[in-house]
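In: Sharing a sequence plus its predicted fold:
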Amino acid sequence: MKHPQKLAVELDDQSLTYCELLHYVQGLSLTLVNEYHVFPGEIVCQCVERSLSMVIGIMGIEMAGGVYCPLSPRDPQHRLHALIKQTKGRLVLVHDLTKSKFHHNIVLLDVNSILTNIETDSKIHVNRLSHVVVIPDNVAYIIFTSGSTGTPKPAQLRHRNFTRSIQSLVHVDIFNKNHTIIQMARCSFDLHVQEILGALIIGATVIMLHPRGNVDFEYLSTIMENKQITFLYTVPTLLQLFFNFIKDTEKAHAMQYLRSLCTGGERCSVQLVELLESIINNDCSIWNLCGPAETTLQYLFHRVNSEVDIETIPLGRPLPNYSCSVEDNFGLPVFIGQEGEILMRGVGIFAGYLDRDDLTAKALIEIDGELFYRTGDLVTMDNNGLLHYQGRKDHQIKLHGQRIELGEIERCLLNITSISACVVMKWNDDYLVAYVQSSDINEQQLREHCQSHLPPHMIPSIFIILDKLPLNSNGKTDRKLLPSPHFSFTNLTNSIELLLPTNDIEVSIHHIWCDIFNQNQISTDTNIFTIGGHSLLIMQLFHRYKIEFHLETNALSISNLFQHPTIIHHAQLIQQSINTIHTLDNSAWSSLHVILARASFAQERIYLDEQIRFSSEAAMNNMYVIPLLYRISSMNDHISITRLHHAFQSVITKHNILRTALYLYDKNGNIIQHCLDANIILNDDMKFNGLTIVNLHNDDSHYMTEMIQEILNQSDLFDLSKGRVIRYHILRHYHQSQDSTPYENDDLLSENDHILISIHHAMFDGASTSIFLRDLSLAYQSDDSLSMDENTLNYIDYSVHEHVMDMSLSRQFWYSQIEGYNIECSLSLPADRQRSSTNQQRSGVASIVEINFDNDLCTSFLNYASSHHLTLFQLGLSIFYVFLFKLTHGETDLCVGSINANRYRSELVNMIGMFVSTLPYRVELDPHWSFDEVVKYVQENCLSILEHSHYPLQHILGDNRSSQSNVSFLEIIFDFISVSKDMGYLYLNDATLEQMPLEQSAEVSKFDFSLTFQYNPLSDNNRLSCRFVCSLDLFEKSTISKIGQRFEYMLEQVFQTQSNNIPAMNVSSSINKLSLILPEEAEEMELVVFHRLDNIVNEAPASFSQARIWLDERSRFDLDKPQTAIYNMPFVYRLQPDHTLSIKQLRLALR
């Protein structure tokens, strides 16, 4: 390979080098040869949308020795099956967007699934392709051309035809290896083979477009500029529309890199050349090319010179390795200026029509031992030997660059039993008009029939129904006597009366239609196709609409304009597009059938946080593991390991997020998620497909705790890059009977055995647990695969939708929320240690204290929330703010991170995935506020955030020019968890497994300081609890324990559940009156700090300043260890010379 690292093909943000492309092509070829037994010369069809898969599919078929036959996804299903039947092909390459077009009796191969397998399998045995022999005379591909008999003609092109034709184009420098070539042609056009295979043969770079990207001029112009396109080839009609758009939108700079601009397929006008030259620069050549599929790409070429080509643009002369003869009806050469038919010979002569020797014999003739192709094109030759197009010898036409046999359309219409005769004609170079003889049919029926049997470009614009077609003296249809398709008032309305526009949008659309059709009035219910509309006019409307209504690129669909072809319908579509931003949240999201996309914002945050914040050697492994531990609690319950394993596999198969790889895509830091094929993950022999059985020979609970901690800390527990994101361990107490043999069935689990499920947080959140357990239970119960719907929205679809949402309003909201807050300044918490500015690494080891509230406090908490119409989250957050206010000695501008479920749409409620977001909740307290006032303020703040909770954290930080590593509110976290019934138990048939809490030693600290409330309404005792989980890097366990005590004490004051030695505090009193000084500390202060002298009664409580200093010293230092006194205020005095002082008197004075 000459240039393995050169960019071969690119589509938007995806790209492949020549080496990478070869890897995938070889893998697909091996699959075709080994698994589908494709043999040299076998026809293999492919029906895929524009994609990298299209390129790999074409080359894979060729490398396997097959014959590539493209099928257009735009063709109706009936036509696709007819073409497959004609080729006798048994295999069709498809992908998610096209597989539904084919019946079950056709063998379909999903290209994307094969490519996924190739990605995960690094070993491709290329030597197995060595027995595949492809010779130059083998047929390389088949292109269907329109047939006069009503059946498309499959033209066969050999390998040598194609390679030598490409050499001819390179020889005259129409394109070369230095070009960046944009792939414009549809796959039904043979030009797409030149744009893809031809470019790769010479070593150029191919730029693919997304589906319908060739008619989305906004997108197309962006690609032209950003990808620096140097070669463009398309039909004159599309060039006219595109360059008019470029001119109207003043985007000429998008064409600055063009060096070769080619057109062909229909007549090129002088006016078009003038338009092109007004936009392109002087370094760009304009080429007019000509050649049907039977001649392999092009055989005539002409480099346009506007100074010479004043009246018409000639077809030119033959390319190198081609020659032609122009003959009259008698087979004699014509004179200069005389009209004749082109007969062409050369390296591109095709191999004939597949299984149509009769047609081949008519098309190929032998003259003086040389094989010529009869083109049917009529031309004249000028004095310079240049050929000029005059028309066709038969009823074949070219419409908008598409070659059409009118007889094929006529045969299609004659298949309708009520039609006895039919004629189709081209009218004014723009329209197809069908004349039908019938007394029992209407236009709508005719159009629907054609739409289900013909490709879009062959559907007539107008149907004229006559009782009898005019005949000539020979009994044949007299085409000259057929009525002209005049667009009178009766054609311009579908109803009895003319419907006028009723709103501003309809008025604007009506004006555009009248301008295009040169009419004064058109009824708003008129079908555009009944007044001469066609595909290119729809495209013209599409771009006029985008300019007129300032629509976004993806806001309006061309296909929708086709399907709803009236002014009224177009106005409705445009109104919907205008409202897209406002209605996006309320519109249903649909499945996009993608397997490769950018990671969601939540996944990006988790992935980068694990890679950056916890990347040090001191950090624990698997910081983002979600462990679920369940125990068989009854001696009567038994579970089959094999059946459980199959149930896990069914759940993983159903939820593709559980078999999704996550990896950095490029040096720019883009993170990609890739849904792997279920067979790849489940056939992975690593540790029995994710299942590991651990036999516990020790019943000691401490031993099992250590075993769980060891499992959760395994370095190979997950591998995100390979989609290994879920593991499950069986912890089985392995008892033996007296004869030293196990008395239990090895496949059965029984009482006190445990199941440990470990899932990576990047693919799973707390709300996913109940969904996962439900499906696991169903799969175990049925012992069969779970039902799946291909159209169900998956997590990867959510990610794509999320990235294209308009978040401008939310951006403004969050910017105003954080504005003025110093997000890099940490709160003054009573930490035992501080991180240095140069070392921000975290170990992840946690200091934890758990507080279980008694029933009185729990009841007071719940009653307060109910009476004040608060959520438990809002009340808990309010308490946390007040606690921080007291703990930081009166800090009022507080900002903490809080966990949001972020399932803000109905489609996301029953989906497994990582949706959780961490958002900054900022408040500015007034120290004189009461607790009631704080709660009301926090509630309003939470409600305002709710509408904008989907805005990703990384955007908030980016808008404030901060990185995740130095943001204070990301280190102080609040969360509130309500335990549901589904989460507490796992039901496997009649067996019930109880969820077990993990010992604290197995937990990690992702943040410096976090508080989590947990409410379990199903519990009889301790329904409400909370946990402080803090980083051991900063806080000793004794410090966190004391903080927990102060928090509980403050809660008792707030809800007045105190005993006699706790001061009362009413919720309407100032939060300043709350105290964090514990009762025993208050007693010590009274005895030590304010030591009472005998017979003196003048004592008083300590001042706030005194209490703060005393409390801070007690909370920050261990009194049993020596340390530097920070609150020491030394006073040093020196005796003057010759002065003396009695020590005894000094002691008495100080006393």
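Out: Thanks, I have it.
In: Quick check: end-to-end length of stretch 1050-1070?
Out: Stretch 1050-1070 has an end-to-end distance of 13 Å (criterion: C-alpha to C-alpha, to the nearest Å).
In: What mean pLDDT does it get?
Out: Average pLDDT, stretch 1050-1070: 70.
In: let's number from 25 now, not from 1
Out: Shifting the count to begin at 25 puts that one at stretch 1074-1094.
In: and Ile704, that's in a helix?
Out: Yes: the assignment for Ile704 is a helix, going by DSSP: H, G, I helix; E, B strand; the rest coil.
In: quick one: contacts for it?
Out: Residues near Ile704 by C-beta atoms under 8 Å, 6 or more residues apart in numbering: 140-141, 144, 683, 747. To be clear about C-beta, it is placed using only N, CA and C from the backbone, and glycine gets the same treatment.
In: gap between Ser532 and His574?
Out: According to C-beta to C-beta, to the nearest Å, Ser532 and His574 sit 12 Å apart.
In: who has more neighbours, these two?
Out: More crowded of Ser532 and His574, by other C-beta atoms under 10 Å: Ser532, with 18 against 9.
In: Report the secondary structure element holding that one.
Out: helix 528-541 (DSSP states H and E).
In: circling back to that earlier point, in the contacts of Ile704, which residue is surrounded by the most others?
Out: Going by other C-beta under 10 Å, Gly747 tops the contacts of Ile704 with 28 neighbours.
In: Let me see the contact set for it.
Out: Contacts of Gly747 (C-beta under 8 Å, 6+ apart): 144, 683-685, 698, 700, 704-705.
In: Is Lys422 located within a strand, as I assumed?
Out: Yes: under three-state DSSP, Lys422 sits within a strand.
In: Just give the nearest non-adjacent residue to it, would you?
Out: In space, and not counting its chain neighbours, Lys422 is closest to Glu290: 4.6 Å by C-beta to C-beta, 6 or more residues apart in numbering.
In: what kind of secondary structure is that neighbour in?
Out: Under three-state DSSP, Glu290 falls in the coil class.
In: Quick check: the gap between it and Leu262.
Out: 10 Å.
In: about what we covered before: hang on, isn't the residue nearest to Lys422 packed against Thr261?
Out: Yes: if you go by C-beta atoms under 8 Å, Glu290 and Thr261 touch, sitting 6.7 Å apart.
In: okay, the contacts of Ile704 in CSV with pLDDT, distance to Tyr92 and secondary structure next?
Out: As requested, the contacts of Ile704 are exported to CSV (pLDDT from 0 to 100; distance: C-beta to C-beta, whole Å; DSSP: H, G, I helix; E, B strand; the rest coil):
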residue, pLDDT, distance to Tyr92, secondary structure
Thr140, 75, 22, helix
Asn141, 76, 21, helix
Thr144, 57, 26, helix
Arg683, 92, 32, helix
Gly747, 90, 32, coil
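In: Distance to Pro28 for those residues - can I get that in JSON lines?
Out: Conversion of those to JSON lines gives the following (distance: C-beta to C-beta, whole Å):
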{"residue": "Thr140", "distance to Pro28": "23"}
{"residue": "Asn141", "distance to Pro28": "23"}
{"residue": "Thr144", "distance to Pro28": "22"}
{"residue": "Arg683", "distance to Pro28": "31"}
{"residue": "Gly747", "distance to Pro28": "27"}
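In: mind listing what Glu826 touches?
Out: Contacts for Glu826 were tallied using C-beta under 8 Å, 6+ apart; they are 624-625, 974.
In: Please read the previous query as pertaining to Asp917.
Out: Residues near Asp917 by C-beta under 8 Å, 6+ apart: 845, 946-949.
In: Which member of those is positioned nearest Ile562?
Out: Arg946 (51.1 Å; C-beta to C-beta).
In: and Thr384, which of the three is it?
Out: helix.
In: ok, Leu970 to Ser834 distance?
Out: 11 Å.
In: Counting neighbours, which bits of the longest helix seen in the chain end up buried?
Out: Counting residues, the longest helix found in the chain (DSSP state H) is helix 1061-1078. Going by neighbour count (16 or more other C-beta atoms under 10 Å), the buried part of helix 1061-1078 is 1063-1064, 1066-1078.
In: neighbour count winner among Leu970 and Ser834?
Out: Set Leu970 next to Ser834 and count neighbours by other C-beta under 10 Å: Ser834 wins out with 19 against 11.
In: Wait, the more buried one touches His974, no?
Out: Yes: contact criterion C-beta under 8 Å: Ser834 and His974 qualify, at 7.0 Å.
In: Ile781: what's its closest spatial neighbour, skipping adjacent residues?
Out: Using C-beta to C-beta, 6+ apart, the nearest residue to Ile781 is Leu652, at 4.2 Å.
In: Kindly confirm my reading that the one you found is in a strand.
Out: Yes: counting by three-state DSSP, Leu652 is part of a strand.
In: My guess is it contacts Thr793. True?
Out: Yes: counting by C-beta under 8 Å, Leu652 does reach Thr793; the two are 6.7 Å apart.
In: Next, work out how far apart the residue nearest to Ile781 and Val135 are.
Out: Distance from Leu652 to Val135, by C-beta to C-beta: 37 Å.
In: Which of the two has more residues huddled nearby?
Out: Set Leu652 next to Val135 and count neighbours by other C-beta under 10 Å: Val135 wins out with 25 against 19.
In: nearest residue to that one other than its sequence neighbours?
Out: Counting by C-beta to C-beta, 6+ apart, Val135 lies nearest to Ser77, which is 4.5 Å off, once chain neighbours are set aside.
In: Quickly find the element holding the one you found.
Out: Here Ser77 is assigned to helix 76-87, by DSSP H and E.
In: any idea which residue sits dead centre in this protein?
Out: Centroid-nearest residue in the chain, with C-alpha atoms, centre = their mean: Val824, separated by 3.1 Å.
In: leaving aside the residues next to it on the chain, what's closest to it?
Out: Nearest residue to Val824, sequence neighbours excluded (C-beta to C-beta, 6+ apart): Ala621, at 5.1 Å.
In: Next, count neighbours for the one you found.
Out: As a burial measure, Ala621 scores 18 neighbours (other C-beta under 10 Å).
In: State the distance from it to Tyr243.
Out: Counting by C-beta to C-beta - Ala621 and Tyr243 are separated by 18 Å.
In: Over to Thr41?
Out: With C-beta to C-beta as the criterion, Thr41 and Tyr243 are 24 Å apart.
In: is it true that Asn200 touches Val194?
Out: Yes: assessed by C-beta under 8 Å, Asn200 is found in contact with Val194 at 6.0 Å.
In: can you list residues touching both of these two?
Out: In contact with both Asn200 and Val194: Ile226, using C-beta under 8 Å, 6+ apart.
In: mind listing the helices in the stretch 525-674 of the chain by residue range?
Out: Using DSSP state H, counting those that start in this stretch, the helices found in the stretch 525-674 of the chain span residues 528-541, 559-573, 582-587, 591-602, 604-607, 625-636, 665-678.
In: tell me the angle of the longest one relative to helix 528-541?
Out: Yep, that's helix 559-573 we're talking about. 140 degrees (axes from the mean of the first three to the mean of the last three C-alpha atoms, to 10 degrees).
In: mind listing what's buried in helix 559-573?
Out: So for helix 559-573, counting by 16+ other C-beta under 10 Å, buried means 559-570, 573.
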